[in-house]
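Trainee: just the structure for this:
(2 chains)
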Amino acid sequence: MTAAGPASPFLLASAAVPSASSPGGEDERETVLACQRGQREAFDRLVTRYQRDVYRLCYRYVNNHHDANDLAQDAFLRAYRAIGRFRGDSAFSTWLYRIAVNVCLNFRAARKPAAEELPESLPDGVAPVAERMEREEESRRVREAVTRLPEKQRAALILKVYHDLTHDEVARILGCSVGTVKANVFHALANLRRLVGAEAGA
Amino acid sequence: MSKHLSEPDLLDVLEGRASGGARAHVGDCAACRARVEEASGGLERARRCDVPEPSTLYWEAFRAQVGRRIRDEAARRRRVWPAVAALAAGIAVVVLLPGTVRGPRIHGQRLPAWSALPASEGDAGLLVLEGMAPTPEDLRAVAGCEGVADCLADLDDEESRALAAVLRGEIGGRSL
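Mentor: Numbers count the residues shown, from 1 in each chain, chains lettered A, B, ... in the order given. Coordinates of the predicted model:
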């Protein structure tokens, strides 16, 4: 599912996993068909293949292991219930990601977010992030900042940057146009820069 | 200076996919260049951030938990099916009654059994309905749900279609 053309500047080492960035292939189609025939072991194979990606997607939304674990399980359970309706119009991973994103959005809608969500844009002029910063501390702050992005920006950023999907795939998952995805990713990156910079300077 | 680039165009510049015209604009326009640089800074930070990786044992436990939840749900659905069958029978009776039981007459006009008007005490169909309808206690004991609405809400698409098929079979082609 990696886009053709120049190498994506978004690709992370940790995102280069086969489940998120390669087409399903014949084996996967057979596995999905076996699931649709009721073979539960086939679904276990899909869980094995995608559990890490789905978990990581959920983690990006909620920024803690406990909720990410629950949400990832919920996503697979919903996928199992609905597998009969999967027609193969998109890659299985795209379909599964859509379910996972919906599970995360419903979760966040159902409970007050721990951190106040940002407005759609932030003012310029905040202090730049310090040059030297302990890596894990910065990771923690970036993860926290991601959870504070507006809903659409967060979803587009997570799918594009951390799962290296194409704009078209993200658009299909989120049910919006490619232009909207690009705009949301761009705003998310700018807001992330401002927010992390602001926290570093605080 | 020409009009500033849109966000999708600016992202294309950041990704290295922009047209020559867009790249040239960013080269000439300080405002657009600043926006691209800002987003580039956000991307750089985003790329340095990773999710803590659970242990290998965690994934085994995760798979097991998903499998257990699927088995639990399958077992629960098996318990729901008797209630669904009873519900189907009840609905079928409601639909079939207008053709088999004479309904009450108000002002000389025969009313269908499904009329929203208050039921007549003399409506023989009421006795049948009361006998057929599952009570909340029945549903709780058989299906673990609190009422017909709960049972219906628990049905997934496949079960809803199966229920519709059962109803069609019992009603024998009568229009709902």
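Trainee: okay, CA-based contacts and neighbour counts for the rest of this
Mentor: Will do.
Trainee: do the particular helix or strand that has A:A79 in it and chain B meet at all?
Mentor: Applying DSSP states H and E as the criterion places A:A79 in helix A:65-82. Yes: counting by Cα under 8 Å from any Cα of the partner chain, chain B is contacted by helix A:65-82 at A:N69, A:Q73, A:F76, A:L77, A:Y80, A:R81, A:A82.
Trainee: any of those buried? List them.
Mentor: A:N69, A:Q73, A:F76, A:L77, A:Y80 (16 or more other Cα atoms under 10 Å in any protein chain shown).
Trainee: and the nearest residue to B:A39 once chain neighbours are set aside, helix, strand or coil?
Mentor: Nearest residue to B:A39, sequence neighbours excluded (Cα to Cα, 6 or more residues apart in numbering or on different chains): A:A190, at 4.4 Å. The three-state assignment at A:A190 reads helix, by DSSP: H, G, I helix; E, B strand; the rest coil.
Trainee: mind pulling up the pLDDT for A:A190?
Mentor: You'll see A:A190 listed with a pLDDT of 95.
Trainee: now it: how far from B:V166?
Mentor: Counting by Cα to Cα, to the nearest Å, the separation of A:A190 from B:V166 is 56 Å.
Trainee: those two: which has the busier surroundings?
Mentor: Neighbours per residue (other Cα atoms under 10 Å in any protein chain shown) separate A:A190 from B:V166, with A:A190 holding more: 23 against 17.
Trainee: show me the contacts for the more buried one.
Mentor: B:R35, B:E38, B:A39, B:S40, B:G41, B:G42 (Cα atoms under 8 Å, 6 or more residues apart in numbering or on different chains).
Trainee: need these in CSV (columns: distance to B:A22 and secondary structure).
Mentor: Formatted as CSV, the contacts of A:A190 follow (distance: Cα to Cα, whole Å; DSSP: H, G, I helix; E, B strand; the rest coil):
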residue, distance to B:A22, secondary structure
B:R35, 13, helix
B:E38, 17, helix
B:A39, 16, helix
B:S40, 16, helix
B:G41, 20, helix
B:G42, 21, helix
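Trainee: relative orientation of the helix or strand hosting B:A74 and helix A:65-82 in degrees?
Mentor: Using DSSP H and E, B:A74 sits in helix B:56-100. On the basis of axes from the mean of the first three to the mean of the last three Cα atoms, to 10 degrees, helix B:56-100 is oriented at 40 degrees to helix A:65-82.
Trainee: what mean pLDDT does helix B:56-100 get?
Mentor: Helix B:56-100 shows a mean pLDDT of 78.
Trainee: with stretch A:60-70 instead?
Mentor: In the prediction, stretch A:60-70 has an average pLDDT of 93.
Trainee: look up how far A:A188 lies from A:V161.
Mentor: 11 Å.
Trainee: who has more neighbours, those two?
Mentor: When A:V161 and A:A188 are compared for neighbours, A:A188 comes out ahead with 28 against 21, by other Cα under 10 Å.
Trainee: which element is the residue lying closest to A:A72 once chain neighbours are set aside on?
Mentor: For A:A72, ignoring the flanking residues on the chain, the nearest one in space by Cα to Cα, 6+ apart is A:Y55 at 5.2 Å. A:Y55 is part of helix A:40-62, with elements assigned from DSSP H and E.
Trainee: may I see the buried residues of that helix?
Mentor: Residues of helix A:40-62 classed as buried: A:42-47, A:49-62 (neighbour count, 16+ other Cα under 10 Å).
Trainee: ok, residues contacting the helix holding A:A79?
Mentor: Here helix A:65-82 has contacts from A:43, A:47, A:51, A:54-56, A:58-59, A:61-62, A:96, A:99-100, A:103-104, A:107, B:62, B:65-66, B:69-70, B:156-157, using Cα under 8 Å, 6+ apart.
Trainee: which of the three states applies to B:D50?
Mentor: coil.
Trainee: distance check, the nearest residue to it once chain neighbours are set aside against A:V146.
Mentor: Nearest residue to B:D50, sequence neighbours excluded (Cα to Cα, 6+ apart): A:S139, at 6.4 Å. Relative to A:V146, A:S139 is positioned 10 Å away (Cα to Cα).
Trainee: for those two, work out which one has more neighbours and name it.
Mentor: Counting neighbours by other Cα under 10 Å for A:S139 and for A:V146 shows that A:V146 has the greater number, 28 against 20.
Trainee: same for the helix holding A:Y55, what does it pack against?
Mentor: Helix A:40-62 sits against helix A:18-21, helix A:25-36, helix A:65-82, helix A:92-110, helix A:135-148, helix B:56-100, with contacts defined as 3 or more Cα pairs under 8 Å, 6 or more residues apart in numbering or on different chains; DSSP states H and E.
Trainee: now find how far off-centre it is within its chain.
Mentor: 12 Å (Cα atoms, centre = their mean, to the nearest Å).
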